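J.: Here's a sequence, model it:
(one chain, ligands or ions: 1)
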Amino acid sequence: MMHKDAYDAGLAIDAPAWESLSKLARCFPVNHHEPGGYRLLDTSTFDLRRAFTEDARRVERFSQTLNDADGRLLLHVDFSKSHLDEGVMQALLRLAEEQKVCALRDAMFSGGAINTTEQRQVMHWLLRAPTSGGLPADLQPVWHEMDAVRTQFLAFAEAVRARPEITDVVNIGIGGSDLGPRMAVRALEPFVVQGKRFHFVSNVDGHELQAVLRQVQPRSTLFIIASKTFTTLETMTNAATALQWSREAEQGAWADRVQDHFVGITTNLEAAAQLGIRTTFGFWDWVGGRYSVWSAIGLPLAIAIGAEAFREFLTGAHAVDRHFLEAEPARNLPLRMGLIDVWRSSFLGHAARCMAPYHSGLQALPAYLQQLEMESNGKGVSRDGEHLLYLTAPTVWGEPGTNGQHAFFQLLHQGPHVLPVEFIAVRKAHHPWQLHHRLLLANALAQAQALMVGRDDPDPQRCCPGNRPSTFLLLDELTPRALGALLALYEHRVFVAGAVWNINSFDQFGVELGKRLAKDIIPRMESGDAEGLDPSTADLLARLL
Ligand SMILES: O=P(O)(O)OC[C@H]1O[C@](O)(CO)[C@@H](O)[C@@H]1O
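T.: The predicted model follows:
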């Protein structure tokens, strides 16, 4: 939680704008945690309701529309219901300058090894570049290699689509090798080819694999084994079991055909070959797992929606890449949104953000964003190895609206701490029942309004304090292009926040320790040996055995 001394001193980052923002924060409601108490420091003078009455241009000032090159609406974002004013926005833009965010952005887009802890370039953006035009000379061959693989996996996707005998596609992968394609196939359901079902198996929990294998037949199923490293325990275990299940099917009569029904997506082509997988599509160590849906990791999506629509998905993301690179800071949407995220976490103490997509197709978006944001920026040490005195990535969670309203929105309206909500609404529906869509959208608007306006009541149990912040994202239609734009916006916004916080957003060493300890415990699950384990783990092990 935010450290009071650091907050008071305003010196957690040695930049003049950081200090100004620390002072400005005193005019806003701040979530403050100290031993024995969590409270809202509401010494503030800032009130959203008043902010709108005092500034007739507030919506215009704090909202922005992005169109693509053809002038079509990509997305519109209204962050006017955020706890901020023009002074804060200006100080945030100065902070971006002092923290050299644009220089880091330019380094990323010119192939600099900005993932410093792993000495890697960060070039997921290259995967959506339609041509090599404008790229630095040393990136030209990289683009051509990438484009060749892209052409191959998209041709493969088309070939699978043309085979009616393949009725099921099973993606086996976890984390970035699962969440992106899983979320996007679901989101773009109206564009998905008829006659094929898409399944995603990520967990090492055999129940998940079993539930899928019960529904499919080896001869009509394509298994995609997706793993950047091809060493991940869950994926390798599920892949081996799926292979064995296929070989044993039909009394072994199918064994020699099995390989034709397995495809590997990895940077470790050798490991895939060792498993006996003959068809593979590669990608590169400059694509982080959580940024890989644009690569061959997106194969399930490409099969689902086809090569042309997959290229549309890339086009939407590329439009946002261009905008992020070219727009001046004051009208640069990912920059502004990333800066607001910094303001909310580090200055206002908003330790969590609720994602509320009002579209059931975006059901898996909160889970996707959890990895993107929390694995990228959930860090407490700077690039230079210094411990940070400020909050970084918020906890991200959520559910599609209206479901969340009937579950946890109570806390958002009346809980003692302030948590911003991010609404995502889509203007056009892909079903014929306009009434449903009107009710859905009306609820999104009403919730954002209720959080802000609140409700006075003489009975404190019924009173809603209001003045609660939210952001409202609006898509015209949930198309491949719009989804690509939305995801790229989130990627760059996470980049901006990480750059301001001076953390490396592209490694994930925090997840290593658990993996290492699991390796130690796995053999104990058979032997029961508890030597060297702490008493709690030893007791639980004995009970599980
Ligand atoms: O694609 P892989 O190498 O199987 O890794 C899966 C996931 O595991 C992680 O390394 C975390 O454990 C993620 O960063 C990654 O997306």
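J.: Relative to the ligand, which residue of the stretch 251-400 of the chain is the closest?
T.: Residue nearest to the ligand within the stretch 251-400 of the chain: residue 289 (2.6 Å; C-beta to the nearest ligand atom). Backbone N, C-alpha and C define where each C-beta goes, glycine included.
J.: you'd agree that residue is up against residue 178?
T.: No - at 9.6 Å, residue 289 does not count as touching residue 178 under the criterion of C-beta atoms under 8 Å.
J.: Among these two, which residue is more densely surrounded?
T.: residue 178 (27 against 24; other C-beta atoms under 10 Å).
J.: Return the residues in contact with residue 331.
T.: With contact set as C-beta atoms under 8 Å, 6 or more residues apart in numbering, residue 331 has these partners: residue 64.
J.: hmm, back to that, with adjacent residues omitted, what lies nearest to the residue of the stretch 251-400 of the chain closest to the ligand?
T.: Distances taken as C-beta to C-beta, 6 or more residues apart in numbering put residue 176 closest to residue 289, at 2.9 Å, once the chain neighbours are dropped.
J.: do the same with residue 16
T.: That would be residue 98: by C-beta to C-beta, 6+ apart, it lies 6.7 Å from residue 16.
J.: Rounded mean pLDDT for stretch 164-179, please.
T.: The pLDDT scores in stretch 164-179 average 98.
J.: ends of it, how far apart?
T.: Start and end residues of stretch 164-179 are separated by 26 Å (C-alpha to C-alpha, to the nearest Å).
J.: Of all the residues in it, which ones are buried?
T.: 166, 168-179 (16 or more other C-beta atoms under 10 Å).
J.: Pull the most distant pair out of those residues.
T.: 166 and 175 (25.9 Å; C-beta to C-beta).
J.: ok, residues contacting stretch 422-441?
T.: Residues from elsewhere that reach stretch 422-441 (C-beta under 8 Å, 6+ apart): 189-190, 353-359, 362, 365, 398, 401-402, 444-445, 447-448, 470-478, 486.
J.: returning to what we had before: which members of the buried residues of stretch 164-179 are positioned in strands?
T.: If you go by DSSP state E, the buried residues of stretch 164-179 have 168-172 in strands.
J.: list the buried ones in the host helix or strand of residue 437?
T.: Under the criterion of DSSP states H and E, residue 437 resides in helix 434-453. The neighbour-count check on helix 434-453 (16+ other C-beta under 10 Å) flags 437, 440-441, 443-444, 447-448, 450-452 as buried.
J.: what do you get for stretch 221-232?
T.: Judged by neighbour count using 16+ other C-beta under 10 Å, the buried positions of stretch 221-232 are 221-228, 230, 232.
J.: Distance of the residue of the stretch 251-400 of the chain closest to the ligand relative to residue 305?
T.: Residue 289 is 22 Å from residue 305, where distance means C-beta to C-beta, to the nearest Å.
J.: One more: residue 354?
T.: 29 Å.
J.: what do you get for residue 162?
T.: Distance from residue 162 to residue 305, by C-beta to C-beta: 14 Å.
J.: do residue 375 as well
T.: According to C-beta to C-beta, residue 375 and residue 305 sit 26 Å apart.
J.: ok, the two, which is more surrounded?
T.: Using other C-beta under 10 Å, the more surrounded residue of residue 375 and residue 305 is residue 305, with 26 against 22.
J.: What parts of the stretch 351-500 of the chain come near the ligand?
T.: Applying C-beta under 6 Å from any ligand atom, we find that the stretch 351-500 of the chain lies next to the ligand at residue 375.
J.: Quick one: the strands in the stretch 351-500 of the chain, in order.
T.: Secondary structure of the stretch 351-500 of the chain (DSSP state E, counting those that start in this stretch): strands at 352-358, 395-398, 421-426, 470-475.
J.: Stretch 394-405 spans what distance, first to last residue?
T.: Stretch 394-405 has an end-to-end distance of 21 Å (C-alpha to C-alpha).
J.: buried residues in that stretch?
T.: Using 16+ other C-beta under 10 Å as the test for burial, stretch 394-405 gives 394, 396-402, 404-405.
J.: from the stretch 401-545 of the chain, which residue is nearest to the ligand?
T.: residue 511 (4.0 Å).
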